[in-house]
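Enquirer: Just a sequence and a predicted model for now, questions to come.
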Amino acid sequence: MPNRANAQRTADELPRDLVTRGLDAARNAIETEAAAVSALAGRLDGVFLDVLTAVAACEGHLVVTGLGKSGLVGRKIAATLASTGTPATFIHSGDALHGDSGAVTSRDLVLALSASGETAEVCAFARMLAERDIPVIAMTGAEESTLAKLATYTLDTMVLREADPLNLAPTASTTAALVMGDALACALVVLREFTHHDFARFHPSGALGRKLLGLGEDA
């Protein structure tokens, strides 16, 4: 087991002003990200409704793509959508440029994530899709970016600043994208009239599956 006494001694050896500043940075990060998320509620406008309608009507898959931290968020968004009744999958933007773009069909929609809207691989993938007349939904914090201009729809996830003290690390921006993805998934749950029974069919294993199926922890 971890030795908490050793950890405490190490913490006590840190300069008190440094510890105070670190805690302030942690609180500021939470407040900054909370504000970024709160601001999204006011952006559920006509474009969001258009996206919601397009995804609900999609006859194929919603293909989510991104790179770096946006790619990690994209994977989670795709997983959430798939588990709540919207056929979705993730394709890494770099891999898309090396053959994986062939997995996208004319029946699909693509959700492309890039905070700056200028990520080279994401934009290149979006350009390839546009040439094939496959609709792209951009999720970006820059509505005048290259990605936004290539997209059919743009979901605005702009944040005033990142949450880290340097205003550099993807923090508030990735949280905003994640929450916008959750908002889309939650709205689709309602539109699809997705039920507890449907959710249980997709989650037969683990503690959640046992709970939904009415089985005990020892089952």
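Expert: Arrived safely. Numbering: from 1, shown residues only.

Enquirer: quick one, what contacts the residue positioned nearest the centre of the chain?
Expert: The chain has Leu178 as the residue nearest its centroid, 3.3 Å off, counting by Cα atoms, centre = their mean. For Leu178, the contact set (Cβ atoms under 8 Å, 6 or more residues apart in numbering) comprises Val73, Lys76, Ile77. (Each C-beta comes from the backbone N, C-alpha and C, glycine too.)

Enquirer: Which positions in the lengthiest helix in the chain come out as buried?
Expert: Identified as the longest helix of the chain according to DSSP state H is helix 16-40. Of the residues in helix 16-40, Ala29, Thr32, Glu33, Ala36, Val37, Ala39, Leu40 count as buried by neighbour count, 16 or more other Cβ atoms under 10 Å.

Enquirer: Repeat that for stretch 111-129.
Expert: Under 16+ other Cβ under 10 Å, the buried positions of stretch 111-129 are 111-117, 119, 121-126, 128-129.

Enquirer: Out of those residues, which two sit at the greatest distance?
Expert: Ala115 and Met128 (20.9 Å; Cβ to Cβ).

Enquirer: separation between Gly85 and Lys69?
Expert: 27 Å (Cβ to Cβ, to the nearest Å).

Enquirer: out of these two, which sits in the more crowded spot?
Expert: Gly85 (19 against 16; other Cβ atoms under 10 Å).

Enquirer: Skipping adjacent residues, who's closest to that one in space?
Expert: Phe194 (4.2 Å; Cβ to Cβ, 6 or more residues apart in numbering).

Enquirer: ok now do the one you found, which residues does it touch?
Expert: By Cβ under 8 Å, 6+ apart, the neighbours of Phe194 are Thr84, Gly85, Leu188.

Enquirer: And for Ile137?
Expert: The neighbours of Ile137, taking Cβ under 8 Å, 6+ apart as the test, are Val51, Ala54, Val55, Leu109, Val110, Leu111, Ala112, Ala151, Thr152, Tyr153, Thr154, Leu155.

Enquirer: now, which of those residues lie within strands?
Expert: Mapping the contacts of Ile137 onto strands (DSSP state E) picks out Leu109, Val110, Leu111, Ala112, Tyr153, Thr154, Leu155.

Enquirer: Make a markdown table from the contacts of Leu178 and add distance to Pro170, neighbour count and pLDDT to it.
Expert: Converted to a markdown table, the contacts of Leu178 look like this (distance: Cβ to Cβ, whole Å; neighbours: other Cβ atoms under 10 Å; pLDDT from 0 to 100):
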| residue | distance to Pro170 | neighbour count | pLDDT |
| --- | --- | --- | --- |
| Val73 | 9 | 26 | 98 |
| Lys76 | 14 | 16 | 98 |
| Ile77 | 15 | 25 | 98 |
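
Enquirer: Nearest to Asp45, out of those residues: which one, please.
Expert: Nearest member of those to Asp45, counting by Cβ to Cβ, is Ile77, at 19.8 Å.

Enquirer: Run through the residues that contact the residue nearest to the closest one when sequence neighbours are not counted.
Expert: Distances taken as Cβ to Cβ, 6+ apart place Gly181 nearest to Ile77, at 3.4 Å, with adjacent residues excluded. By Cβ under 8 Å, 6+ apart, the residues touching Gly181 are Val73, Gly74, Lys76, Ile77, Thr80, Leu81, Leu111, Met139.

Enquirer: Cool, thanks, talk later.
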